[in-house]
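K.L.:
coords below, sequence missing:
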Ligand SMILES: [Zn+2]
């Protein structure tokens, strides 16, 4: 330490004590040259990452805020919590890899939109729910969303035509949660009717879809099982209906 009085750089510590529950160490020092006594404080550098906003203000980066914002925006979408958590994890890793102490807000906003595009949700999320996320630029986002929407619509129209060429039934297509891309993948694997689908095992379905380049985000095994159960429902429903029919005859 440089002595505040004479500028000499030699000193000795004559007393050290922790203050504020150990967060700071206060040291009394004495200059070797002139004997002047002074105090220094020492504290651990905070490991937290700051977000640098456009107006030059800084705010602590919050992973929770990122997660809850994206969850809220995807609330009405058929996207599993696991996919969202993975997405947030990836964003946080990218940020902490590249930025040590502060990250520009717009970088976060861009990573959020890129991530949502990857999981094919950018066209559908509620942008107003993302507004709380640091650096989220509503205008840029709206433009991105519009572009994503029209390109997805074009793609889905192509998939829809292909589905019909492949003879995948409307009944199967109306099963909630199957995307146009998934229906094409099913058709290409000769799964064309609700009964074909109902005959699949959950892991079989997951594997089949994972092998297709038409499927962006695959089903979780749990979702796959639930869908297959729903497809099987009509088997039991038919059984239940039959006795009523014969009574009428
Ligand atoms: Zn001194």
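P.N.:
It's in. Remember, it's a predicted structure, so these values are computed and weren't measured experimentally.

K.L.:
what distance separates the helix or strand that residue 143 is a member of from the centre of its chain?
P.N.:
Using DSSP states H and E, the element containing residue 143 is helix 138-166. Relative to its chain's centre, helix 138-166 lies at 21 Å (Cα atoms, centre = their mean, to the nearest Å).

K.L.:
ditto for stretch 166-175
P.N.:
Its chain's average C-alpha position is 30 Å from that of stretch 166-175, according to Cα atoms, centre = their mean.

K.L.:
what about residue 36, neighbour count?
P.N.:
15 (other Cβ atoms under 10 Å). (Glycine included, C-beta is placed from N, CA and C.)

K.L.:
ok, now which ones touch the nearest residue to it once chain neighbours are set aside?
P.N.:
With Cβ to Cβ, 6 or more residues apart in numbering as the criterion, residue 36 has its nearest non-adjacent residue at 4.2 Å, and that residue is residue 5. Residue 5 makes contact with 31, 34, 36, 38, according to Cβ atoms under 8 Å, 6 or more residues apart in numbering.

K.L.:
what does this protein put close to the ion?
P.N.:
Contacts of the chain with the ion, taken as Cβ under 5 Å from the ion, map to 3, 5, 6, 8, 31, 33, 34, 36.

K.L.:
mind checking how far the last one is from residue 15?
P.N.:
What that stands for is residue 36. Using Cβ to Cβ, to the nearest Å, residue 36 is found at 15 Å from residue 15.

K.L.:
Would you mark the buried spots in the helix holding residue 143?
P.N.:
The neighbour-count check on helix 138-166 (16 or more other Cβ atoms under 10 Å) flags 141, 144, 145, 148, 152, 159, 162, 163, 166 as buried.

K.L.:
before we move on, the earlier item: which two from the contacts of residue 5 end up farthest apart in space?
P.N.:
34 and 38 (10.8 Å; Cβ to Cβ).

K.L.:
Find residues that contact each of the two.
P.N.:
By Cβ under 8 Å, 6+ apart, the residues touching both residue 34 and residue 38 are 3, 5.

K.L.:
which of these two has more neighbours?
P.N.:
Neighbour comparison, residue 34 and residue 38: the larger count goes to residue 38, with 14 against 11 (by other Cβ under 10 Å).
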